[in-house]
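For reference, the sequence and a predicted model appear below.
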Amino acid sequence: MKDKKQTVKDNLDIFDFTSDIAVNIKSLNLYYGNFQALKEVSMELKKNEITAMIGPSGCGKSTLLKTLNRMNDLVDGCRIEGSITIGEKDIYAKDIDLSALRKNVGMVFQKPNPFPMSVYDNVAFAPRTFGIRKKAELDEIVETSLKRASIWDELKDRLNKSALGLSGGQQQRLCIARSLAAQPKILLMDEPTSALDPISTGKIEELMSELVKDLTIVIVTHNMQQATRIADRTAFFYLGELVEFADTQTLFTCPADKRTENYITGRFG
Amino acid sequence: MSIRNKYEEELTTVFNKLIAMCRTVEIAIEKSVNSLVHRDTELAGEVIKEDKNVDNLEHEIEQDCLKILLMEHPVASDFRDVSAALKMITDLERIADQAADISEITFQFGEESFIKEPFHIKEMAKLATGMVKDSVQSYINRDLELARSLDRRDDGVDNLFGKIKGELVELIKKDGRNADQAILFMMIAKYIERIADHAVNIGEWVEYAITGYHKIG
């Protein structure tokens, strides 16, 4: 029985992350019906780096983030051309296992969204889904994940309390812990601190700097100071186009494209 | 159309103060050399006294720039403009110090007549003052060519420095009693040579502000 469950879990690790490039996006076009939201986007996201995506609302950055674990599949009329390779696999190939993809590519949203259950059950949710039942094993995953999300000390005595009673910052770190419990190789973060106070924001930024040692992080942010603080490289999107993608210091001190310059200096239009 | 009017105003204030600081520094160099040439110790005293004005302007511009960095979080060319201004004022302040140093030496000549009329010193000072003026002008006008020309113009100042040095050595060889004044002239020439170097430094920061590239050394 144990062996069978273990097999379920192992079958989800179908990606090969030995290469330096964690995500390779080639000539990506994405349409919502007749509207083209992404235009010929090509970029390589390096392993163990934080990549920030910036740009005005509606520029396509969140859309691109969602394509990385195929969350756009659920959107009616969404059509994709081009390719996205993650861990050497074409994630839009017909035979791709979506559970495996989402186990490896975790997502944290703008608004903390803990499940209406205990702290423990939130974190144990993914491992249980992947077939882990043994209490000792789950305990270990919950503790490790909460520790990695820098929230163990705050929650270790409240594991059985409802997650909905936590503060916004704690809820968001719990959501990060919940994602980490699936042992993803890539973590997608869609404006993860925009609803948080500066102290909670600082904790999450610090946490990201720790996590990136073991995984690859892609963050969409409207906070440019946040991008300068945490991102190794930053991509600027405008009207569905990847305008510029460079190391963060270069992009924020000496952008190559006038549109980037105008956007980041607040002189847009 | 810009949506950063407040920022633009703040930067314009910095620009205007930089122009004022530059003008004050230029006048200090001119006065210090004139005080030497005309043996005018009263004028020399003025230069030393007015050095405080430059220090105050440096402090004021520094505070303005730090406030912009704190409040506006400038990036891209805005960030380069403000960082360049912060670096430039240090060079301008050093230039004013050197003008004051020249004036202090003027007092040491006493009543004795010059061992040689300081034509080349005047010429050097004219070149260096022009370089200082153009260095700040190149920043205000975002004139990359003018900023880059400073390095080349510094060669002219260095040549004159070499010439003055050679003349002073000859004067000492000719008569050992010339040594006291020769050393004073040598120090003045060195100060002016350093003033030109500071103008080159400013030009390099202007190049950074315009292109993002900063020359090292």
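Looks like it arrived, so ask away. Numbering: from 1, shown residues only, chains lettered A, B, ... in the order given.

Can you get me a residue count around the closest residue to chain B within the stretch 101-250 of chain A?
Closest to chain B within the stretch 101-250 of chain A is residue A:225: 5.7 Å, counting by Cβ to the nearest Cβ. All C-beta spots, glycine's among them, are computed from the backbone N, C-alpha and C. For residue A:225, the neighbour count with other Cβ atoms under 10 Å in any protein chain shown is 11.

in what helix or strand does the closest residue to residue A:249 other than its chain neighbours lie?
Leaving out its chain neighbours, the residue that sits closest to residue A:249 by Cβ to Cβ, 6 or more residues apart in numbering or on different chains is residue A:228, at 7.9 Å. Using DSSP states H and E, residue A:228 falls within helix A:224-230.

Name the helix or strand for residue A:107, please.
strand A:105-108.

from the chain's centre, how far out does that strand sit?
4 Å (Cα atoms, centre = their mean, to the nearest Å).

Report all helices and strands that it contacts.
With contacts defined as 3 or more Cβ pairs under 8 Å, 6 or more residues apart in numbering or on different chains; DSSP states H and E, the packing partners of strand A:105-108 are helix A:168-180, strand A:186-190.

Give the buried residues for the last one.
Buried positions in strand A:186-190, judged by neighbour count with 16 or more other Cβ atoms under 10 Å in any protein chain shown: A:186, A:187, A:188, A:189, A:190.

pretty sure the first one is touching residue A:105, no?
Yes: when contacts are counted by Cβ atoms under 8 Å, residue A:186 is listed as touching residue A:105 (4.5 Å).

Quick check: which ranges of chain B have low pLDDT?
Applying pLDDT under 70 to chain B flags the ranges B:1-3, B:217.

Quick check: residues of it near chain A?
Counting by Cβ under 8 Å from any Cβ of the partner chain, the residues of chain B close to chain A are B:1-4, B:7, B:73-80, B:211-212.

what helix or strand is the residue most central in space within chain B on?
Chain B has residue B:95 as the residue nearest its centroid, 3.7 Å off, counting by Cα atoms, centre = their mean. Residue B:95 is part of helix B:76-108, with elements assigned from DSSP H and E.

Can you report phi and psi for the closest residue to chain A within chain B?
Ranking the residues of chain B by distance to chain A (Cβ to the nearest Cβ) places residue B:212 first, at 2.9 Å. Backbone dihedrals for residue B:212, given as degrees, to the nearest 10, come out at phi 90, psi -10.

For it, which non-adjacent residue is spatially closest?
Distances taken as Cβ to Cβ, 6+ apart place residue A:254 nearest to residue B:212, at 2.9 Å, with adjacent residues excluded.

Ramachandran coordinates for residue A:22?
Dihedral angles for residue A:22 - degrees, to the nearest 10 - are phi -80, psi -40.

Next, find the distance separating it from residue A:47.
Relative to residue A:47, residue A:22 is positioned 4 Å away (Cβ to Cβ, to the nearest Å).

Looking at those two, which is more packed in?
More crowded of residue A:22 and residue A:47, by other Cβ under 10 Å: residue A:22, with 26 against 17.

ok, the residue nearest to residue B:118 when sequence neighbours are not counted - contacts?
In this structure, residue B:118 finds its nearest non-sequential neighbour in residue B:37, 6.0 Å apart by Cβ to Cβ, 6+ apart. Residues counted as contacts of residue B:37 (Cβ atoms under 8 Å, 6 or more residues apart in numbering or on different chains) are B:118, B:121, B:122.

Highest neighbour count among those residues?
Comparing the contacts of residue B:37 by number of neighbours (other Cβ under 10 Å), residue B:121 comes first, having 22 neighbours.

For chain B, give me its nearest residue in the stretch 151-269 of chain A.
Closest contact between the stretch 151-269 of chain A and chain B, by Cβ to the nearest Cβ, is at residue A:254 (2.9 Å).

what about that residue, neighbour count?
For residue A:254, using other Cβ under 10 Å, the count is 19.

who's in contact with it?
Applying Cβ under 8 Å, 6+ apart, the residues near residue A:254 are B:76, B:80, B:211, B:212.

quick one: which two of the residues you listed are the most distant?
B:76 and B:211 (12.2 Å; Cβ to Cβ).

Restrict stretch B:108-119 to CA atoms and write it as PDB.
In PDB, the C-alpha atoms belonging to stretch B:108-119 read as follows (Å, rounded to 0.1, in the frame of the first residue of the first chain):
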ATOM      1  CA  GLN B 108      53.200  83.600   1.800                       C
ATOM      2  CA  PHE B 109      54.800  85.500  -1.000                       C
ATOM      3  CA  GLY B 110      55.000  88.600   1.300                       C
ATOM      4  CA  GLU B 111      56.500  91.800  -0.200                       C
ATOM      5  CA  GLU B 112      59.200  90.200  -2.400                       C
ATOM      6  CA  SER B 113      59.000  90.700  -6.100                       C
ATOM      7  CA  PHE B 114      58.200  87.500  -8.100                       C
ATOM      8  CA  ILE B 115      61.000  85.400  -9.500                       C
ATOM      9  CA  LYS B 116      59.000  85.200 -12.600                       C
ATOM     10  CA  GLU B 117      55.700  86.700 -13.800                       C
ATOM     11  CA  PRO B 118      53.000  83.900 -13.500                       C
ATOM     12  CA  PHE B 119      51.800  84.000 -17.200                       C
END
